[in-house]
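A.B. asks: okay, here's the prediction I keep looking at, along with the sequence it came from:
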Amino acid sequence: MKTPRYLFPSDYMADPSANVFGDRLYIYPSHDRDSGEAFDDDGGHFQMKDYHVLSLTNVEQGEVTDHGVVLDVGQVPWAERQMWDNDVVEKDGKYYLVFSAKDPNGVFHLGVAVADKPEGPFIPQPHPIRGSFSIDPCVFKDDDGSIYCYFGGLWGGQLQWYTLTPAATDNEEGCVVMGPAADKKTPLFLPADAPAVPSMVVKMSDDVLQFAEAPHAVVILDETGNPMKAGNPHRFFEASWMHKYRGKYYFSYSTGDSHMLCYAIGDTPYGPFRFQGVILDPVVGWTTHHSIVEYKGEWYLFYHDCVPSNDTTWLRSLKVQKLYYNEDGTIRKVKND
């Protein structure tokens with residue numbers, strides 16, 4: 001695979017979450033459309049309203065199967081609009097789609113929908129996950145069967161509305177409550193030397209329908225071993241993804257307004273994670289969102305760009321290319337050629 005491949009040119013899709021179930025590779029993207037909404041900094045022009053599932057058995061040149069709409073916003077009792085990123089995890093023969101959407105008050109939450117097959121259809125729960133907020137869930141199953149959800153996104157993703165407060169008990173690192181203003185006034189642009197706003201990680205309950213604990217901050221350490229500052233161009237913005245390689249936990253993410261995909265490595269699902277480098281330089285279009293998965297002995301990076309839509313940022317197209325590791329476990333930077 002010498003050049004990236006556009007996976008599904010017949011429709012605009014983005015934010016690909018790639019997972020292997022059985023002998024097939026399944027892709028769970030968001031579904032872009034031209035809604036006619038005006039562009040704004042909070043992403044109001046991204047008015048996705050349903051999810052498709054794609055699958056294939058040959059990443060480099062095989063046919064991509066579209067399994068059609070597997071969940072529509074009209075089926076979700078608590079959601080009103082903007083079905084953004086999602087991911088799927090399997091447990092005990094059931095498939096759990098964790099997704100983000102806005103309620104009638106314009107607040108993002110995470111929800112769960114359940115299916116008997118990886119291609120759906122998915123039946124949504126009547127209420128969002130208790131205590132959930134923001135966007136971009138990644139659900140990761142560890143080797144011991146524990147399932148973790150990584151989530152969060154700034155600006156339109158509303159992560160800056162929330163803050164970590166001291167824990168109620170000694171055995172918790174922190175709990176999440178609304179920010180002190182609770183009225184969208186938390187500043188988006190922090191001083192360069194202020195701590196960067198972190199993404200979140202939380203262990204899921206045994207039935208994969210709720211959080212089993214209070215969310216924890218995902219701490220990314222910079223090259224000096226200190227938590228990243230807001231002025232660091234490699235700090236977290238959105239698009240959490242977790243994968244495991246040679247016993248280490250690889251937390252990858254988008255830097256948002258500096259448009260890079262970066263990664264950090266840790267020894268536990270909770271981190272801390274030490275910054276390692278850039279996986280992908282900016283693509284065409286404002287956002288960068290991805291997933292990393294091993295399939296048939298090869299590693300792949302799934303992502304999107306806006307080349308086919310002539311840089312229309314809310315009409316993105318899926319791409320994939322091979323990913324390679326160095327002997328020391330670091331990831332080789334790839335080119336979006």
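C.D. replies: Perfect, thanks for sending it.

A.B. asks: quick one: least confident helix or strand in this structure?
C.D. replies: Least confident element among the helices and strands of the chain, by mean pLDDT, DSSP states H and E: strand 175-178 (a mean of 40).

A.B. asks: I'd like the next helix or strand past that one.
C.D. replies: Once strand 175-178 ends, the next helix or strand along the chain (criterion: DSSP states H and E) is strand 199-203.

A.B. asks: partner strands of that following strand, with direction?
C.D. replies: strand 147-151 (antiparallel), strand 216-218 (antiparallel) (DSSP bridges).

A.B. asks: residues contacting it, please?
C.D. replies: Applying Cβ atoms under 8 Å, 6 or more residues apart in numbering, the external contacts of strand 199-203 come out as 134, 146-152, 159, 176, 211-218, 236, 238, 240, 253, 269-271. From N, CA and C alone the C-beta is placed, and that goes for glycine too.

A.B. asks: which among these end up buried?
C.D. replies: Neighbour counting with 16 or more other Cβ atoms under 10 Å marks 134, 147-152, 159, 176, 211, 214-218, 236, 238, 240, 253, 269-271 as buried within these.

A.B. asks: what segments of the stretch 51-200 of the chain are strands?
C.D. replies: Assigned by DSSP state E, counting those that start in this stretch, the stretch 51-200 of the chain shows strands spanning 65-72, 86-91, 94-102, 108-115, 123-124, 138-141, 147-151, 162-165, 175-178, 199-203.

A.B. asks: so which bits of the second one are buried?
C.D. replies: Which is strand 86-91. Applying 16+ other Cβ under 10 Å to strand 86-91 flags N86, D87, V88, V89, E90 as buried.

A.B. asks: excluding its backbone neighbours, what's nearest the last one?
C.D. replies: Leaving aside its chain neighbours, E90 sits nearest to F21 (5.9 Å; criterion: Cβ to Cβ, 6 or more residues apart in numbering).

A.B. asks: low-confidence ranges in the stretch 51-200 of the chain?
C.D. replies: Along the stretch 51-200 of the chain, segments meeting pLDDT under 70 span 164-189.

A.B. asks: at 50 what do you get?
C.D. replies: Applying pLDDT under 50 to the stretch 51-200 of the chain flags the ranges 165-185.

A.B. asks: ok, then the element right after the helix or strand containing S17?
C.D. replies: Following DSSP H and E, one finds S17 within strand 13-21. Downstream of strand 13-21, the first helix or strand assigned by DSSP H and E is strand 24-31.
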